[in-house]
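J.: Sequence first, predicted model second:
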Amino acid sequence: MIRHFRTPLLIAVAAVSLSACIGLGGKTPPFLLTLDAEAAPPAGAARTAADASTLTILIPTAPQKLRTTRIPVQQDGSSVTYVKDAQWVEAPNRLFQRLVSETVAARTGRVVLDEGQYLTAPGEQLAGQLMEFGVDARTGEAVVVYQAMLVAAGGKSVTQRRFEAREAIGGKVEAKPVGEALARAANKVAGEVTDWIGG
C-alpha cells in the first residue's frame, strides 16, 4: 500500500526539509511517496523476549543509484534515468527496512528492533543489500531485489538468500502508478523474507 501526502502544507514542509539534502532547487513535486506494510502489528500489543530471541533488522546498503529519494528507471544495460516528478519521503533503503520490520513483527509475533533500538545483545540480525528498487523500462515493471543475510545470535552462522519481485506498472512510467507497483513488489518481498525467517 502506498500513501500520498496531498495536503499543501504538508507537501511544502516536506519539500523544504528535503531540499537541503537532495537539491530540489525550489521545485516541489506534486506529491511525496512512502510505503505502508500490508501487515502491521496491532497498536498496544506488548511483547517481551530474551536477548537471543530478538531480531534486529538493519538498514540495507544500496548502490549509488538508490542513494536518493528519486526513482530510477533502467533504460538498458548501461543507462539510468529517473521518474519525472516522483519523490520518496526518504531514501528507499530506509523505507524498505521499516516495511520489512513491520511485516515481520506482524506475521511472526517476534520482538523486532532496528539498529538504533537495541540496548544489549541484538539477537539475530537481518542485514543485506537493496540491489534494485525502481523501474525496468524494457519490461514495463517495477522491480525490487533484496540480497538478505541472516546472522544468528552471537554470529555463529550466516545464511544468505536473494529475493526478487516484479509488478507490472500497467501504464505510463509516472509517479503514481510506479509508486503503487513498487509498493506491491516491496510488500511481496517483505512477505517472502518473513516466511524465510520464520521457516
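T.: Yep, that arrived.
J.: helix or strand right after the helix or strand of the chain with the lowest mean pLDDT?
T.: Every helix and strand in the chain was compared by mean pLDDT, DSSP states H and E; the lowest is helix 8-22, with a mean of 35. Using DSSP states H and E, the next helix or strand after helix 8-22 towards the C-terminus is strand 32-35.
J.: Which positions in that following strand come out as buried?
T.: For strand 32-35, the neighbour count (16 or more other C-beta atoms under 10 Å) marks 32-35 as buried. The C-beta positions use only the backbone N, C-alpha and C, and glycine is treated the same way.
J.: in which helix or strand would I find the most centrally placed residue in the chain?
T.: Centroid-nearest residue in the chain, with C-alpha atoms, centre = their mean: residue 96, separated by 1.3 Å. Using DSSP H and E, residue 96 falls within helix 92-108.
J.: Send me stretch 145-158 as CSV with only the CA atoms.
T.: The C-alpha trace of stretch 145-158 is given here as CSV (Å, rounded to 0.1, in the frame of the first residue of the first chain):
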residue,chain,number,x,y,z
VAL,A,145,15.7,-7.1,-5.5
TYR,A,146,17.0,-7.7,-2.0
GLN,A,147,20.1,-9.7,-1.1
ALA,A,148,19.4,-10.7,2.5
MET,A,149,21.9,-12.0,5.1
LEU,A,150,20.6,-13.6,8.4
VAL,A,151,23.2,-13.6,11.1
ALA,A,152,22.5,-15.9,14.1
ALA,A,153,22.7,-14.6,17.6
GLY,A,154,26.4,-14.3,18.6
GLY,A,155,27.4,-14.5,14.9
LYS,A,156,27.6,-18.3,15.0
SER,A,157,26.2,-18.7,11.5
VAL,A,158,25.3,-16.6,8.4
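J.: so how far is the longest strand anywhere in the chain off the chain centroid?
T.: Scanning the chain for the longest strand, with DSSP state E as the assignment, gives strand 124-136. Distance, stretch centre to chain centre, for strand 124-136: 8 Å (C-alpha atoms, centre = their mean, to the nearest Å).
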